[in-house]
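A.B. asks: heads up, no residue letters with this:
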């Protein structure tokens, strides 16, 4: 069964505004209230969400240098982002991500690092929360 999501915003402003059983209703709602987009989602499809992907843990310094990439074969987990500290100073950005390979895992974290730096938010834990919401939105797309 498919449902249709009306979404709005990007990054920390992203939100699901409504869910409909038909594409026509979703489009009408989206147009009426001028929301950004309508996405199609197959209900109960999370079972194969990470098919063909591997779970990785990546540590990256502020300058983009990758400290460590670890593959977690056979493990399942949620995508998460956090900072690693040394003497109360942010040492590195850490992510647990689903990726095709190690290079892809590093690319995912580097994109997040670039967004953090562009927003002058290095070390801001609240800023990282947007990535959790973004990941949910990507899974829904």
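C.D. replies: Yep, it's here. Treat the numbers as computed from the prediction; the structure is a model and nothing was measured.
A.B. asks: Packing partners of the strand ranked longest in the chain?
C.D. replies: Scanning the chain for the strand with the most residues, using DSSP state E, yields strand 89-99. Applying 3 or more Cβ pairs under 8 Å, 6 or more residues apart in numbering; DSSP states H and E, one finds that strand 89-99 contacts strand 54-60, strand 80-86, helix 102-118. In short, each C-beta sits where N, CA and C put it, glycine included.
A.B. asks: ok, now with 10 Å
C.D. replies: strand 54-60, strand 66-71, strand 80-86, helix 102-118, helix 125-140 (3 or more Cβ pairs under 10 Å, 6 or more residues apart in numbering; DSSP states H and E).
A.B. asks: chain center to that strand: distance?
C.D. replies: Its chain's C-alpha centre and that of strand 89-99 lie 13 Å apart, by Cα atoms, centre = their mean, to the nearest Å.
A.B. asks: Run the angle between it and strand 80-86 for me.
C.D. replies: For strand 89-99 against strand 80-86, the angle between stretch directions is 150 degrees (axes from the mean of the first three to the mean of the last three Cα atoms, to 10 degrees).
A.B. asks: For strand 89-99, list every residue counted as buried.
C.D. replies: 92, 93, 94, 95, 96, 97, 98, 99 (16 or more other Cβ atoms under 10 Å).
A.B. asks: Of the helices and strands packed on strand 89-99, which stretch is the most buried?
C.D. replies: Comparing the helices and strands packed on strand 89-99 by mean neighbour count (mean count of other Cβ atoms under 10 Å), strand 54-60 comes out on top with a mean of 20.
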